[in-house]
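>>> give me coordinates for this.
(chains A and B)
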2 protein chains.
Amino acid sequence: MFEFSLDGTAGGARAGTLTLPHGVVQTPCFMPVGTRGAVRGLHPDEVRGAGAQIILGNTYHLHLRPGEATVAALGGLHKFSTWDRPMLTDSGGFQVFSLSGMRKLDENGVDFVSHIDGSRHRLTPESSMEIQWALGADIAMAFDHRLPGQSSHDDARDAMERTLRWLERSRRRHEELAAGSPPRQTLWPIVQGGTHDDLRLASLEGILERGPWTGVAIGGLSVGETKPAMHHVLDVLSPQLPTDRPRYLMGVGFPDDLLEGIARGVDMFDCVAATRNGRHGSAWTADGKVQVRGAPLRLDEGPLDPECDCEGCTRFSRAYLRHLFVAEEQLGPRLVSIHNLRFLIRLAETARLRILDGTFDTWAAAWRQRYFAKGNAK
Amino acid sequence: MFEFSLDGTAGGARAGTLTLPHGVVQTPCFMPVGTRGAVRGLHPDEVRGAGAQIILGNTYHLHLRPGEATVAALGGLHKFSTWDRPMLTDSGGFQVFSLSGMRKLDENGVDFVSHIDGSRHRLTPESSMEIQWALGADIAMAFDHRLPGQSSHDDARDAMERTLRWLERSRRRHEELAAGSPPRQTLWPIVQGGTHDDLRLASLEGILERGPWTGVAIGGLSVGETKPAMHHVLDVLSPQLPTDRPRYLMGVGFPDDLLEGIARGVDMFDCVAATRNGRHGSAWTADGKVQVRGAPLRLDEGPLDPECDCEGCTRFSRAYLRHLFVAEEQLGPRLVSIHNLRFLIRLAETARLRILDGTFDTWAAAWRQRYFAKGNAK
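Prediction:
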């Protein structure tokens, strides 16, 4: 259980297989985000139909509503939400550290105020483990101290060192919770250190000293730093990461981020952009974005993306999807969310095939050229 | 085409079969309302999965967005929305007459102001026929003058007589539009006359004098009058309606309205209550309503309605549905909308079976007793 095997590599890019209690995940893979016990706006069968092998649940949101005790009483997050494939939960740290002005940090943990009702809560490495254990995902994440992307060296060092201390506490509590159970949840550490090479390497070194781990996550990216800075961090870390463990780049990404991450050895990704953009009518295609509300689509009988095999693209016209958005019919956001998920998941699927057949670099170069050619990728 | 055959009767209740260009409809039946080219919040496959044989489209809404010319250019409302079963469109009159203070009536038609952007529009019997012909439903409705349910005899007579004059104009224009085409749309008249027996009978007499028709609708009910008053109108009309034509009670109903209508010889119904209540978390069951947001459901692992065969009831727990509503996840309103549609459609299906096997009255009495027993039907 929790084993990872490398099926092939192409330069830095890797294809692997991760075995988890709820099933097998082929990497590279994109994980849709099920923020509040559901991938926003979607039915679990739609997420499965888009090809998702594993989804992410948000500890912060589920702790507030319905509460981990409720989820546990109902058999855990898998049973509660009827998602029977693998699942990962984040630690809650990312959301808590995004609550600027509504939280207070000390060495022991973070006090914060609920964005929903103003109630007071506290997250610590220990309570994050307890919540995640109650939720019952296959993979739990250590409680980390995440900073904005352009933080100073001093701030980033403080947070990185605290993250290591919190990692030890996370592990200790997780081991206590798991003691005596059959293996049903593993804990992954998170590399921090901002955009500072020395801190990133020290973070990774500190993590590996405290190992072994069944996987390693890279956090604190795609949080305000530039894209070249993000790529540089990946370039610095990649040679030092264990090759026999999956690598998860948290909160990333957009289609081109996926490609750049895969090229740099990342195996797993998650991001809300697919469903957020979908809700707002922005659809990814191999030629960049299509704005679904756009007037040019008014009489367009063609599919949103003629190369896509998703529900929306194989059945409905651009004109009808546009109408649904203009008329504020929920079916529109739903179909474009599914499309965007399918686009990212298929991108990872295709990358895997190209890694395995040894044509990844050529394929990736052609993909980039086409994606950016029309200037509408952003 | 447009033929109706009676398969059986039980007292006043009827079971029939209506043949339309896009398929066969077994009656009694409930028609979900596809206001803006989609049944609110739902995928056409979900509407089909709930057992809908025919849906309704709203001429007023589709005229404003995306406009009938757009729908016609895209192949008509069936192709546009990918709904391939029968469809009926209303005349637009109901919505226009609901725009109090935003419309002006004269003998020729109604000027009105769009609720969306304040733009000025005009509906006449002729333009209603033109819009409905462009939309291309199997059944078009005559343009009628609808009043509130408690209107005076004088007002109701004026509106009823105008409705008859408008019926002649509707029919003339519809015949012009249909001339030379293979039969693809039929036109149904609407009985008006408020809650006044003499006016209702005069309206029906005027309609039948102007026939033949392939079906007859009863309008102007469930618009503010009492339930006994509605039942009385049906009791007065029923013996005078042609037995060999389907009878459509417009804008009705709630579960008990369906039962009372069927008992009084109505064959077809439509109403937005199923999806509106569903969106707001109010679910129908044989024991009355369940409020899905209710605290008692927080830890309830059982199905929303243990007797229901819909998607939500066969897969998800009450606790999860409650969570979706509390967390404002769109999957909740979607699943409860589907449930309510399925509840009404199954009620009509069961009524048909009980009519055919001769046990309708006994079954209906037991149904009513159970539905109202807990006092939570309203």
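>>> next, count neighbours for A:Ala156.
25 (other CB atoms under 10 Å in any protein chain shown). Just so you know, the C-beta spots here come from the backbone N, C-alpha and C atoms, and that holds for glycine as well.
>>> what helix or strand is it located in?
helix A:153-178 (DSSP states H and E).
>>> quick one: the very next helix or strand once past that helix to chain centroid distance?
Note on helix A:153-178: by DSSP H and E, the next helix or strand toward the C-terminus is strand A:186-188. Distance, stretch centre to chain centre, for strand A:186-188: 15 Å (CA atoms, centre = their mean, to the nearest Å).
>>> on that earlier part again, which helices and strands sit right next to the helix holding A:Ala156?
The contact analysis (3 or more CB pairs under 8 Å, 6 or more residues apart in numbering or on different chains; DSSP states H and E) places helix A:153-178 against helix A:125-135, strand A:186-188, helix A:197-209.
>>> relative to helix A:153-178, how tilted is the longest one?
If I follow you right, that is helix A:197-209. Here helix A:197-209 points in a direction 20 degrees away from that of helix A:153-178 (axes from the mean of the first three to the mean of the last three CA atoms, to 10 degrees).
>>> I'd like the mean pLDDT over stretch A:45-65, please.
Computed over stretch A:45-65, the mean pLDDT rounds to 97.
>>> close to chain B, is that stretch?
Yes: on the criterion CB under 8 Å from any CB of the partner chain, stretch A:45-65 is in touch with chain B at A:His61, A:Arg65.
>>> my guess is A:Val33 contacts A:Phe269. True?
No: the pair A:Val33 / A:Phe269 is not scored as a contact, 10.5 Å apart, by CB atoms under 8 Å.
>>> who has more neighbours, the two?
Ranked by neighbour count (other CB under 10 Å), A:Val33 and A:Phe269 place A:Phe269 first, with 26 against 22.
>>> part of a strand, is that one?
Yes: A:Phe269: assigned to a strand according to DSSP: H, G, I helix; E, B strand; the rest coil.
>>> excluding its backbone neighbours, what's nearest A:Gly219?
Among residues not flanking A:Gly219 along the chain, A:Ile190 sits closest, at 4.1 Å (CB to CB, 6 or more residues apart in numbering or on different chains).
>>> residues of the stretch 151-300 of chain A that sit close to chain B?
Counting by CB under 8 Å from any CB, the stretch 151-300 of chain A comes close to chain B at A:Arg298, A:Leu299.
>>> what's the burial count for whichever residue of the stretch 151-300 of chain A sits closest to chain B?
In the stretch 151-300 of chain A, the residue that lies nearest chain B is A:Leu299 (5.6 Å; CB to the nearest CB). When neighbours are counted by other CB under 10 Å, A:Leu299 registers 15.
>>> my read: it touches B:Ala73, true?
Yes: between A:Leu299 and B:Ala73 there is a contact under CB under 8 Å: 5.6 Å.
>>> dump the helices and strands packed on helix A:153-178 into TSV; add mean pLDDT as well.
Converted to TSV, the helices and strands packed on helix A:153-178 look like this (pLDDT from 0 to 100):
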stretch	mean pLDDT
helix A:125-135	98
strand A:186-188	98
helix A:197-209	98
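>>> any chance of those in TSV, plus mean neighbour count?
TSV is the format used below for the helices and strands packed on helix A:153-178 (neighbours: other CB atoms under 10 Å in any protein chain shown):
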stretch	mean neighbour count
helix A:125-135	24
strand A:186-188	22
helix A:197-209	18
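>>> check contacts around the spatially most central residue of chain A.
Nearest to the mean C-alpha position of chain A, by CA atoms, centre = their mean, lies A:Asp270 at 1.7 Å. Counting by CB atoms under 8 Å, 6 or more residues apart in numbering or on different chains, A:Asp270 makes contact with A:Phe30, A:Met31, A:Pro32, A:Val33, A:Leu56, A:Leu88, A:Tyr248, A:Met250, A:Gly251, A:Val252.
>>> mind checking pLDDT for the residue nearest to the second one when sequence neighbours are not counted?
By the measure of CB to CB, 6+ apart, the closest residue to A:Met31 outside its immediate chain neighbours is A:Asp270, 4.2 Å from it. The per-residue pLDDT reported for A:Asp270 equals 98.
>>> can you check A:Ala72 too?
pLDDT, A:Ala72: 98.
>>> tell me, how many neighbours does the residue nearest to A:Arg370 when sequence neighbours are not counted end up with?
Sequence neighbours aside, A:Ala286 is the residue nearest to A:Arg370 in space, at 5.7 Å (criterion: CB to CB, 6+ apart). For A:Ala286, the neighbour count with other CB under 10 Å is 16.
>>> A:Ala286: what's it in contact with?
Residues near A:Ala286 by CB under 8 Å, 6+ apart: A:Asp305, A:Glu307, A:Trp367, A:Arg370, A:Tyr371.
>>> any idea how far the second one is from chain B?
Applying CB to the nearest CB, to the nearest Å, one obtains 20 Å for the distance of A:Glu307 from chain B.
>>> what's the answer for the third one, then?
Here A:Trp367 is placed at a distance of 31 Å from chain B (CB to the nearest CB).
>>> who's in contact with that residue?
With contact set as CB under 8 Å, 6+ apart, A:Trp367 has these partners: A:Leu259, A:Ala286.
>>> so for the helix or strand that contains it, what's the average pLDDT?
Assigned by DSSP H and E, A:Trp367 belongs to helix A:360-373. The average pLDDT within helix A:360-373 is 98.
>>> please save the CA atoms from it in CSV.
Output in CSV follows, covering the C-alpha atoms of helix A:360-373 (Å, rounded to 0.1, in the frame of the first residue of the first chain):
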residue,chain,number,x,y,z
PHE,A,360,7.5,14.0,-24.6
ASP,A,361,9.8,16.8,-25.4
THR,A,362,8.8,17.1,-29.1
TRP,A,363,5.1,16.9,-28.2
ALA,A,364,5.4,19.4,-25.4
ALA,A,365,7.2,21.9,-27.6
ALA,A,366,4.5,21.6,-30.3
TRP,A,367,1.8,21.8,-27.6
ARG,A,368,3.2,25.1,-26.2
GLN,A,369,3.6,26.6,-29.6
ARG,A,370,0.0,26.0,-30.5
TYR,A,371,-1.4,26.9,-27.1
PHE,A,372,0.2,30.3,-27.1
ALA,A,373,0.1,31.0,-30.9
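>>> circling back: nearest to A:Ser151 among the contacts of A:Ala286?
Closest approach to A:Ser151 among those (CB to CB): A:Tyr371, at 30.5 Å.
>>> residues contacting A:Met31?
When contacts are counted by CB under 8 Å, 6+ apart, A:Met31 is found next to A:Ala52, A:Ile54, A:Ile55, A:Leu56, A:Leu88, A:Met268, A:Phe269, A:Asp270.
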